[in-house]
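*Asks:* give me coordinates for this.
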Amino acid sequence: MNKMLIPILFAIGTACFWGCYGPAIGNAQSPRGVDGRPLLPPEGWTPFKPYVFIGIAYLVIAIAGGLLMMKVKGDSFQYGGAHFPTLKWGFLAGTLGAFGALCLTTAMMTSKGNALLVMPIVFGGAVSITALVSVVRLHAGTTVSPMLWLGMLLTVTGVILVARNTPHGHVVVKPTAPTADVSEPPAAQRID
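*Replies:* Numbers count the residues shown, from 1 in each chain. Have a look, this model is predicted:
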């Protein structure tokens, strides 16, 4: 089996889970008032109400899954001494992930749950930021190919193309006044 197949499959899994993450957050948004704005408490809720359960899910899955896999793989439960970098960098990664989730939740809630706008920016931007962090970390040890900058330009172009051309569905227009008596459906449409 190709050594790159497992990481590629897990990367695809991540893309699938995170690709559904934005629309799921969009479903958690507060109902909207007649002016189109989200209802705030007491009639509605803030974006931070679903964020609490995002955090609980991260906490439960990360801790239970992490401890289980450490046990399965025969790892120690030690975090001191030579193992301290796992604590330090793991906590930093978790903090970055949590702030990312907070930003994503806020973006989804303030965009009226528009995953088609937000998610391409998140993923296109993330790949470019990862590349820039690598350039900064390796600044003296490598030469940056001009193709990297071209790739980033193409990523931005792709994000714009995806966001602008994804089908957005049909807007449901509520009638202002009923045009017919709809209190009793015709016999052919009645469901008993």
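*Asks:* got phi/psi on Pro38?
*Replies:* The phi/psi pair for Pro38 (degrees, to the nearest 10) reads phi -60, psi 140.
*Asks:* so who does the residue nearest to it when sequence neighbours are not counted touch?
*Replies:* Distances taken as Cβ to Cβ, 6 or more residues apart in numbering place Ser30 nearest to Pro38, at 4.1 Å, with adjacent residues excluded. C-beta coordinates here come from the backbone N, C-alpha and C atoms, glycine included. Counting by Cβ atoms under 8 Å, 6 or more residues apart in numbering, Ser30 touches Pro38, Leu39, Leu40, Gly44, Trp45, Thr46, Pro47, Met109.
*Asks:* quick one: Leu39 and Gln29 touch, right?
*Replies:* No. Here Leu39 lies out of contact with Gln29, judged by Cβ atoms under 8 Å, at a distance of 9.9 Å.
*Asks:* ok, those two, which is more surrounded?
*Replies:* Neighbours were counted for Leu39 and for Gln29 using other Cβ atoms under 10 Å; Gln29 has more, 21 against 13.
*Asks:* picking up where we left off before, three-state assignment of the residue nearest to Pro38?
*Replies:* Taken by DSSP: H, G, I helix; E, B strand; the rest coil, the conformation at Ser30 corresponds to coil.
*Asks:* I'd say Pro120 and Val162 touch.
*Replies:* Yes. If you go by Cβ under 8 Å, Pro120 and Val162 touch, sitting 4.5 Å apart.
*Asks:* quick one: which of these two has more around it?
*Replies:* Each of Pro120 and Val162 has its neighbours counted (other Cβ under 10 Å); Pro120 has more, 20 against 16.
*Asks:* quick one: contacts for the more buried one?
*Replies:* Gly158, Val159, Val162, Ala163.
*Asks:* buried stuff in the helix or strand hosting it?
*Replies:* Assigned by DSSP states H and E, Pro120 belongs to helix 115-137. Going by neighbour count (16 or more other Cβ atoms under 10 Å), the buried part of helix 115-137 is Ala115, Leu116, Leu117, Val118, Met119, Pro120, Val122, Phe123, Gly124, Ser128, Ala131.
*Asks:* ok, now stretch 154-168?
*Replies:* Thr155, Val159, Val162, Ala163.
*Asks:* ok, stretch 62-80 next?
*Replies:* Buried-residue list, stretch 62-80, by 16+ other Cβ under 10 Å: empty.
*Asks:* could you tell me the end-to-end distance of that stretch?
*Replies:* One end of stretch 62-80 sits 20 Å from the other (Cα to Cα, to the nearest Å).
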